[in-house]
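Visitor: model the structure of this input:
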Amino acid sequence: MIYPQVVEGVFLRRPNRFIAHVEIEGKEEVCHVKNTGRCRELLIPGCRVYLAKAQNPNRRTGFDLIAVWKGEKLINMDSAAPNQVFREWAPSSGLFGENPRIRPETTHGDSRFDFYIEGGTKPAFVEVKGCTLESEGRVYFPDAPTQRGVKHLEGLIRCKEEGYEAMAVFVVQMENVLSFSPNDVTHPAFGETLRKAQAKGVQLLALSCHVEPDKLEIADPVPIQL
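Guide: Below you'll find the predicted structure:
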């Protein structure tokens, strides 16, 4: 995916989860943060960030904060991006047949999954999660407790039991990482449910991304350590 009209700035502060104050070309701007997670290890005053200019000129905030430098690692933190890059990558991945039919936002039972895909051996329900939490080259999900995430995993288990393929995909929004693991310290129930899902036949996949200030695309599989 490509972002239009990207500019560089310096992060100043984040008064709430929806907005940030950023210095752009010497002027302080109020920007929309495209990630409602905590991101405390990313948004540190003085860090360099990238912002995409809002396409709606009447919008209250003129920019979207989309990426941040953490040391020498550029991390995309747009929470809408993982679904889009997965949607771009899936048809050529070979996981869902040659010409898969991909339908977003599909409800099954009491869960709404990111994708329903036909074209492989069996139709598949897929849930995509974005990962931005990194420590010493290892990435973790979630960065905050997520009962919604647990519910999605339980829904995928039921899909598998009903004869569908089921997949949980973790899109790592950075490059050159060593492994992916559930964040058992922050939310042990998620880790327990993820291990249960794998034991029940839900396929787990973690994928790193090539990140540029104005670009994001899926790159390589990441080893999963449960």
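Visitor: where do the domain boundaries of this structure fall?
Guide: The record's domain parsing of the chain by automatic domain parsing lists 6-76, 81-221.
Visitor: worst average pLDDT in the ones you listed?
Guide: Averaging pLDDT over each of those singles out domain 6-76 as the lowest, with a mean of 93.
Visitor: what lines up beside the helix or strand that contains residue 66 in the sheet?
Guide: The secondary structure element spanning residue 66 is strand 63-70 (assigned by DSSP states H and E). Strands flanking strand 63-70 in the sheet, each with its direction: strand 27-33 (parallel), strand 48-53 (antiparallel), strand 73-76 (antiparallel) (DSSP bridges).
Visitor: other residues contacting the longest helix along the chain?
Guide: For the chain, the helix that runs over the most residues, judged by DSSP state H, is helix 147-161. With contacts defined as CB atoms under 8 Å, 6 or more residues apart in numbering, helix 147-161 is touched by 108-111, 113, 125, 127, 129, 141-142, 165-168, 187, 189-190, 193-194, 196-197, 200-202. (Glycine included, C-beta is placed from N, CA and C.)
Visitor: in this protein, which spans are helices?
Guide: 81-89, 147-161, 188-199.
Visitor: turn the ones you listed into CSV, columns for mean neighbour count and distance to residue 103.
Guide: Converted to CSV, those look like this (neighbours: other CB atoms under 10 Å; distance: least, CB to CB, whole Å):
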stretch, mean neighbour count, distance to residue 103
helix 81-89, 19, 11
helix 147-161, 19, 14
helix 188-199, 17, 22
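Visitor: JSON lines for these, including distance to residue 71?
Guide: Written out in JSON lines, the entries for the helices of the chain read as follows (distance: least, CB to CB, whole Å):
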{"stretch": "helix 81-89", "distance to residue 71": "21"}
{"stretch": "helix 147-161", "distance to residue 71": "27"}
{"stretch": "helix 188-199", "distance to residue 71": "27"}
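Visitor: do you know which of those helices lies nearest residue 212?
Guide: Distance to residue 212, taken as CB to CB, is lowest for helix 81-89 among these, at 12.4 Å.
Visitor: what comes into contact with that closest one?
Guide: Counting by CB under 8 Å, 6+ apart, residues outside helix 81-89 touching it are 1, 34, 66, 102, 104, 114-115, 126, 128-130, 169, 171, 173, 207, 209, 216-218.
Visitor: what about 6 Å?
Guide: Judged by CB atoms under 6 Å, 6 or more residues apart in numbering, the contacts made with helix 81-89 from elsewhere in the structure are 1, 114, 128, 130, 171, 216-218.
Visitor: fine by me, thanks again.
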